[in-house]
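Visitor: here you go, sequence then predicted model.
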Amino acid sequence: TAISKFEGIQEVLARIASRTYALDAMRKFTASSVDSGAKPAVVTAIAKYHATEMFRQNINDGLDIMGGRGIIRGRRNILANAYFSTPISITVEGANIMTRSLIHFGQGAIMCHPYVYKEIEALENNNLADFDRAFFGHINHLISNLVRSIILSITRGYFRKPFATGIIAKYERKISWCSATFALLADIAIARFGGNLKRKEKLNGRFGDVLSAMYIATSILKKFDENGRKKEEIDIVEHAINEQLIKAQNAIDGIYANIFGCFGKIILKPFAFWSKLNSFVCPISDKTDFRIANDVSQNGYLRAMLTEGVFVSKDSEDNLGRIENAMKLNEQSEEIFARIKNASKSGNLDNKRPESLINEACEKAIINEDEKQLLEKTLEAVLDAMEVDEYSLEDYKKAH
């Protein structure tokens, strides 16, 4: 039985595939903004952090699937070098802990706010008129965010008129709902902590998580739209966006729990309770996991799209080429193996494993000589692809 048929493997395969889709969407969306001449400091920090974190998660999930094949170093191991390089990408060009705690939200919270910086400038210049305009504009902005957040939460985003239709409209509404809640909480945090907000690294990190989730979800929708809104991508798009909105929900729950002390928590408790009760998305369904795992484990559109630009050698002795060759041969042999299984069930062949009935099936003309050779070649390639590097005690002693 193919390992992609096991539900535990399906769950991990679906995670790997959806993260890969999200990562590629974020990469293209961010790179295109740089190509257009922009200098998006916060956005590039978000992209660096999450690209390396997704890479780390995918490598770890890959090792779970590969098992011993992934931990014994040798010519058959396709993950070891990538695993060893992970700490470099996590640490270099801005350590990830620092990036999340200080840069994602804290770096732009005041400068990007439509009124806070104007208030600070007016105070520094002792300009009462400008300060009044900015201050009352800020109050109006806060009330507007509060009303918008409540209405979008009650209607689950349907109060928002989307720009598109279908699945894009569905998640455009959810992102708008998440954005309204984020904006309200950001205003409350700025009012609560002022300039000290930068020093609240855990709170900054949670705000950064919400901001990042909305950015990545937007990137995913953009990629889906640019790809022509193909129905083959709907499951993976839903999985990828749901994963981001679940992260945003968890971060918002954390903000509600930590933004105020005892008295403030009492005031926000109804909002926090409603937020948990009325979350942005439902948990990802097992059926979605099954469909994604089924698609990526076959040589179809989704697999080709996710691995676009990745070099895969056609040499069956190559690390990755060996696995790819076995997969293709297995696909070619599926119908022939099915014929042998059916003959075994009907009594034309013995009730044994199909692999041990190849010669008998050929003798009884259930398969021909060419098909027999293909099956033998497939079994040899599959076994070769599954084998783990092994070493004798003498080899070990020589290496050390």
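Guide: Great, that's in hand.

Visitor: is residue 389 in a helix, a strand, or coil?
Guide: Taking DSSP: H, G, I helix; E, B strand; the rest coil as the rule, one finds residue 389 in the coil state.

Visitor: wait, isn't it in contact with residue 71?
Guide: No. Counting by Cβ atoms under 8 Å, residue 389 sits too far from residue 71 to count as a contact (10.0 Å). Glycine gets a C-beta too; all of them are placed from N, C-alpha and C.

Visitor: anything in contact with each of the two?
Guide: residue 77 (Cβ atoms under 8 Å, 6 or more residues apart in numbering).

Visitor: and residue 30, what is it in contact with?
Guide: With Cβ under 8 Å, 6+ apart, residue 30 has these contacts: 40, 43, 44, 47, 219.

Visitor: looking at these, which one is closest to residue 111?
Guide: Closest approach between the contacts of residue 30 and residue 111, by Cβ to Cβ: residue 40, at 13.2 Å.

Visitor: can you count the residues close to the closest one?
Guide: Other residues lying near residue 40 total 13 when counted by other Cβ atoms under 10 Å.

Visitor: what are the phi and psi values at it?
Guide: Per-residue torsions, residue 40: phi -80, psi 90 (degrees, to the nearest 10).

Visitor: do you know how far the closest residue to it other than its chain neighbours is from residue 223?
Guide: Taking Cβ to Cβ, 6 or more residues apart in numbering, and ignoring the residues beside it in sequence, residue 40 has residue 33 as its nearest neighbour in space, at 5.4 Å. Note on residue 33: its distance to residue 223, by Cβ to Cβ, to the nearest Å, is 14 Å.

Visitor: do the same with residue 109
Guide: For residue 109, the distance to residue 223 equals 28 Å [Cβ to Cβ].

Visitor: ok, residue 284 next?
Guide: Residue 284 sits 19 Å away from residue 223, taking Cβ to Cβ as the criterion.

Visitor: so what's the closest residue to residue 366 other than its chain neighbours up against?
Guide: Nearest non-adjacent residue to residue 366, counting by Cβ to Cβ, 6+ apart: residue 343, 5.0 Å away. Residues in contact with residue 343, defined by Cβ under 8 Å, 6+ apart, are 349, 357, 361, 364, 366.

Visitor: among those residues, which ones are buried?
Guide: When the contacts of residue 343 are checked for burial by 16 or more other Cβ atoms under 10 Å, the buried set is 349, 357, 361, 366.

Visitor: pick the one among the residues you listed closest to residue 382.
Guide: Closest approach to residue 382 among the buried ones among the contacts of residue 343 (Cβ to Cβ): residue 357, at 16.5 Å.

Visitor: separation between the closest one and residue 378?
Guide: Distance from residue 357 to residue 378, by Cβ to Cβ: 14 Å.

Visitor: for residue 131, same thing?
Guide: Per Cβ to Cβ, residue 131 is found 77 Å from residue 378.

Visitor: do you know the pLDDT at residue 250?
Guide: pLDDT for residue 250: 94.
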